[in-house]
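> Fold the following.
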Amino acid sequence: MIKITISLPPITKKNHQQIYRNSKTGKPFVTQSKAYKDYQESAGYFIPCKYMMIAKPVNVKAIYYMPTRRKVDLCNLHAALHDILVHYGVLEDDNSQIIVSTDGSRVGYDKENPRTEIIIQKMEG
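Numbers count the residues shown, from 1 in each chain. Predicted coordinates:
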């Protein structure tokens, strides 16, 4: 079992995308915002188990403590967190062969201490 706490207000990827134009071709492309990129970079400071490259089936339970009571999409929070875990090599990939469940995940509220508490647990059988 691996426990990680990212002591930052949770952020999603979907609500923080930006459209830019390629300077050479003029074609538009979508990229993550500076806010998300900064979040991803800062999250790395809270992940002690980088480059484990877990490739076996796991449950990734995440409790997202938000700084406000505004509605938030749990799927979008998961997408951002799973991409961060892959980015830092905790997980080899975030496909359904590795993250087989997110049982126990939920969104909470903590104005004073927004964070993401993560438990990665090997799946049996």
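> CA only for contacts and neighbour counts going forward, please
Fine.
> what about residue 81, which helix or strand?
Using DSSP states H and E, residue 81 falls within helix 74-87.
> got it, and residue 107?
Using DSSP H and E, residue 107 falls in strand 106-109.
> what helices or strands is that strand leaning on?
Where contact means 3 or more C-alpha pairs under 8 Å, 6 or more residues apart in numbering; DSSP states H and E, strand 106-109 is packed against strand 58-66.
> average pLDDT across the strand it packs on?
Strand 58-66 carries an average pLDDT of 98.
> Likewise for stretch 9-29?
For stretch 9-29, the per-residue pLDDT averages 79.
> before we move on, what about stretch 76-89?
Stretch 76-89 shows a mean pLDDT of 96 in the predicted model.
> Spell out the residue ranges of the helices in the protein.
34-43, 74-87 (DSSP state H).
> Just the CA coordinates for the first one, please, in CSV.
Which is helix 34-43. Only the C-alpha atoms of helix 34-43 are listed here, as CSV (Å, rounded to 0.1, in the frame of the first residue of the first chain):
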residue,chain,number,x,y,z
LYS,A,34,-0.2,27.5,-16.8
ALA,A,35,-2.3,26.9,-13.7
TYR,A,36,-2.5,23.2,-14.4
LYS,A,37,1.2,22.9,-15.4
ASP,A,38,2.2,24.7,-12.2
TYR,A,39,-0.1,22.4,-10.2
GLN,A,40,1.5,19.3,-11.9
GLU,A,41,5.0,20.6,-11.2
SER,A,42,4.3,21.5,-7.6
ALA,A,43,2.5,18.1,-7.0
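> Having no further points to raise, I will conclude here.
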